[in-house]
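Participant: show me how the following folds:
(2 chains, ligands or ions: 2)
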Amino acid sequence: MSVQEVPTRPRWLRELFVPTHWSFLLGPVAVIAFVVLLLTGVVLTFFYQPSTELVEYDGSAALYAGRELPAAFSSVVTIEEDVPGGLLLRRVHRAASYLFVAALLLHALRVLLAGAFRGRRFVNYLVGLVLLALALALGWTGQNLVYDVVTGSSVRIGYTIAASIPYVGTELADLVFAGPDVDDVVARLFWLHVLLLPVAFLLGLAAHLWLVVSHRHTVLPRRRDTDGRWLVAVPTGVGLRSRAAQLVALVCALLVLAATLVPFGDVTHIGPFLPGVAGNDMYPDWYLFPMEGAILLLPAVDVTVLGATITNPLLGGVLLPAALGGAALLWPLLEALFRRRSPAEQDLSEHPFHAPVRVAFVALLVTVTVLLSLGAASDVIAQVIGAPVATVIRVLRASLVVAPPVLALLAYWYARRRSRQQPA
Amino acid sequence: MTGVRPGAAGDRLRRPVPVGVGAVAAALLVAFVAGVFLDWPTSALGLALTGALLAVAVVVGQVRGPVARELVWPDERCPGDAPVATAAAAAVATPVRRRWVLGGLGGLGVGALTGVGLLAWSGRDGGPVTAWRRGVHLVTAEGQRIRAADVPVGGFGTVWPEGSVRADLSAVVLVRLATQEAQPPTVLDWVVGDRIVAYSKICTHAGCPVGLYQEDTDSLFCPCHQATFDAARGAVPTFGPASRPLPQLPLGVDGDGFLVATDGFPTPIGPVRG
Ligand code: HEM
Ligand code: FES
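Facilitator: Ligands and ions are numbered 1, 2, ... in the order given. Here you go, the predicted model:
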């Protein structure tokens, strides 16, 4: 048959929704989760009060009956207890935020491993990195709206990290956080979370998707034909809308089911933020673990050069994340220098094994991120294995130096062996 | 040519939509909406909505057809589209775009520099201000003054400057050392009865409240990132990511035996700034 017979479904859908490999669906899943976040977020905004003033709680939660609570926390308790379906709504918002960030991270990993950042797609890779940063900011500002015990410390840490930047840090931090007093911050975070960041993300997303369509999605190589040319898989367009709708329904069902079964972000056990109070198990949401772990694992540093004081929060909260992000950002440029391919070949979704150095690089990034995340949970690890926290921290510090290069080498060796067995 | 023949008419139901499933979806959806108004428990609401969405997934998934087909690449993709390689070549070098990009980057750079300059020019403050002054009494969260004799071994957790209870950045830990007398670098003039010391509660690492006092080692411990301070030796950090001691509050006793600050903190409290 001839190619001409194939119906041309909307081209944008064929480029954005490519069900020829499951990993191509990670981006769409993130978009679906984002839409769920927008919808649930708008409804939450009707009931949430971005204020830290103390009010007397008069809702039906027995635990807080008659107590003075910060208005923000009180409104969250009201959403949970007295708004019909409010508990489910909050949990779906939080579950969707987890799926959103997880899908984005995995999507970025897929793009890296498959070399989908090469050639003209580099611009869109940069847009994607910006979107990832915006997503983390959305999550951080969101979880602090609750104004529970964790918020107090979380906001302080955020302020400290911003203020640790030499020369301009304090001014920058005051600009974003309205000062080190936790009370003043919540209104700022609210507008960032419900207006500024979502709009920024939407604009970035529009640019990202437009670029995907105009650059075209990479194609999945199947095998060589007898002439040595590639046979690739592309969507036919038939039944594509139906499959896309099915994915939307399934993702939503998954989120609602998860929210029904798991008490995501339950506030009744944590309690409101009150000055001077600290809990023993205070953790940010999981996707902030790498940064939290970085400032925990890196040693105490305090040196002044040229009037700039370099401290642990600067190293772990600013420079290390910047280094990881910068490495991801620069990698495509390095590849463009050392691993040239024809423009046409860059449209193939590569099998990772055929780029062993890239696999090693990704292994390095992932190992560092995972070890840093473990660092944030070092007291839990200590409890579980029954060792002193200090020991766990020392072991993790040592692993942070040793493990990434070792695992990168192992990954390189394994990928090279596999690519020798199945040459491209 | 290995193309797979797609359905000639595009999307088409492979078999009649199972009416039953559609009805179930509608019923569950109605149940969910009714449940919201009738204030059903969360689990009932959640399960109804999950069921409705799953049924919807089944219904919309009825349209089937070959999803993917194989093509020889890079020679052919769908009709009407430029071959991939041509599109790539066209996108690579467009001088106008390059000029835009460079201009944009330049603009961003100028903007960033201006911003940094403005921020740096807007001046620095001397760090967070606390309510501690000479003659301000230490009080509990309930506002009660504290007699030196009443401070238990271990300590009082958090105490506040009188008149500013729960002023976040003024929080102080008051400790009666359990195992030893205070030693330098603790400022001994600011210690009451050899063992009662007071330090800022704001961790010098990243600003969490220093939560725990461990009696067996006389150390203060921050739950956020495990910074540990030696309360008997001027709260110098002994483990973890904090680089500076917790500032010591000059402590004294007034004529009636109540604890009082004899001055403000000697150094700025809280984390170091860049
Ligand atoms: C797009 C990415 C978004 C992410 C990752 C995100 C994440 C979060 C998180 C983690 C929370 C804390 C959840 C909780 O404990 O209940 C939260 C709360 C909240 N979000 Fe979002 N959100 C997003 C978008 C939005 C949007 C677009 C809006 C509004 C237009 C919104 C409005 C709210 C409100 C009002 C709260 C506080 C209510 C509460 O905690 O119950 N969010 N968000
Ligand atoms: S804030 Fe206390 S250890 Fe980090």
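Participant: and the helices in chain B?
Facilitator: In chain B, the segments counted as helices under DSSP state H are B:19-38, B:42-60, B:84-92, B:95-121.
Participant: do you know which of those lies nearest chain A?
Facilitator: helix B:42-60 (2.8 Å; Cβ to the nearest Cβ). For every residue, glycine as well, the C-beta is placed using N, CA and C.
Participant: quick one: buried residues of stretch A:192-205?
Facilitator: A:192-194, A:197-198, A:200-201, A:204-205 (16 or more other Cβ atoms under 10 Å in any protein chain shown).
Participant: quick revisit: so can I have CSV of the helices of chain B showing mean neighbour count and distance to A:L330?
Facilitator: Below are the helices of chain B laid out as CSV (neighbours: other Cβ atoms under 10 Å in any protein chain shown; distance: least, Cβ to Cβ, whole Å):
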stretch, mean neighbour count, distance to A:L330
helix B:19-38, 15, 49
helix B:42-60, 21, 41
helix B:84-92, 17, 20
helix B:95-121, 11, 16
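Participant: nearest to A:R90, out of these?
Facilitator: Nearest to A:R90, of all the helices of chain B, is helix B:42-60, at 10.0 Å by Cβ to Cβ.
Participant: now what about that closest one, what contacts it?
Facilitator: Applying Cβ atoms under 8 Å, 6 or more residues apart in numbering or on different chains, the contact partners of helix B:42-60 are A:85, A:87-88, A:91, A:242, A:245-246, A:249-250, A:252-253, A:256-257, A:259-261, B:17-18, B:21-22, B:24-25, B:28-29, B:31-32, B:35-36, B:40.
Participant: end to end, how far does stretch A:175-187 reach?
Facilitator: Counting by Cα to Cα, to the nearest Å, you get 13 Å between the two ends of stretch A:175-187.
Participant: and if you look at stretch A:377-397?
Facilitator: 13 Å.
Participant: before we move on, what about stretch A:183-197?
Facilitator: Stretch A:183-197 has an end-to-end distance of 21 Å (Cα to Cα).
Participant: quick one: contacts of that stretch?
Facilitator: Defining contact as Cβ under 8 Å, 6+ apart, one finds that stretch A:183-197 is touched by A:41, A:45, A:48, A:50-52, A:72, A:134, A:137-138, A:141-142, A:144-145, A:147, A:151, A:155, A:159, A:176-179, B:168.
Participant: tell me the mean pLDDT for it?
Facilitator: Stretch A:183-197 shows a mean pLDDT of 89.
Participant: sorry, back to before: the helices of chain B: which one's closest to A:R417?
Facilitator: A:R417 lies closest, by Cβ to Cβ, to one member of the helices of chain B: helix B:84-92, at 31.1 Å.
Participant: what pLDDT, on average, does the closest one get?
Facilitator: Here helix B:84-92 scores 50 as its mean pLDDT.
Participant: swap in stretch A:231-249?
Facilitator: Mean predicted lDDT for stretch A:231-249 stands at 85.
Participant: does the lengthiest helix in chain A reach chain B?
Facilitator: The longest helix of chain A (DSSP H) is helix A:389-421. Yes - using Cβ under 8 Å from any Cβ of the partner chain, a contact is recorded between helix A:389-421 and chain B, made by A:389-390, A:393.
Participant: and the residue in the stretch 251-400 of chain A positioned nearest to ligand 1, which of the three is it?
Facilitator: Across the stretch 251-400 of chain A, the shortest distance to ligand 1 (Cβ to the nearest ligand atom) belongs to A:G265, at 3.5 Å. Assigned with DSSP: H, G, I helix; E, B strand; the rest coil, A:G265 falls in the coil class.
Participant: cool, the one 10 residues further on as well?
Facilitator: Classification of A:P275 using three-state DSSP returns coil.
Participant: next: A:L365.
Facilitator: Following three-state DSSP, the label given to A:L365 is helix.
Participant: which non-adjacent residue is nearest residue 152?
Facilitator: Defaulting to chain A. Nearest residue to A:G152, sequence neighbours excluded (Cβ to Cβ, 6 or more residues apart in numbering or on different chains): A:F273, at 4.1 Å.
Participant: my bad, chain B
Facilitator: According to Cβ to Cβ, 6+ apart, the nearest residue to B:P152 is B:R176 (6.5 Å).
Participant: same thing with A:Q143?
Facilitator: Using Cβ to Cβ, 6+ apart and skipping residues adjacent in sequence, the residue nearest A:Q143 is A:D285, 5.3 Å away.
Participant: so what's the residue count around the one you found?
Facilitator: 19 (other Cβ atoms under 10 Å in any protein chain shown).
Participant: that one touches A:G139, doesn't it?
Facilitator: Yes - taking contacts as Cβ atoms under 8 Å, A:D285 lies within contact range of A:G139: 5.9 Å.
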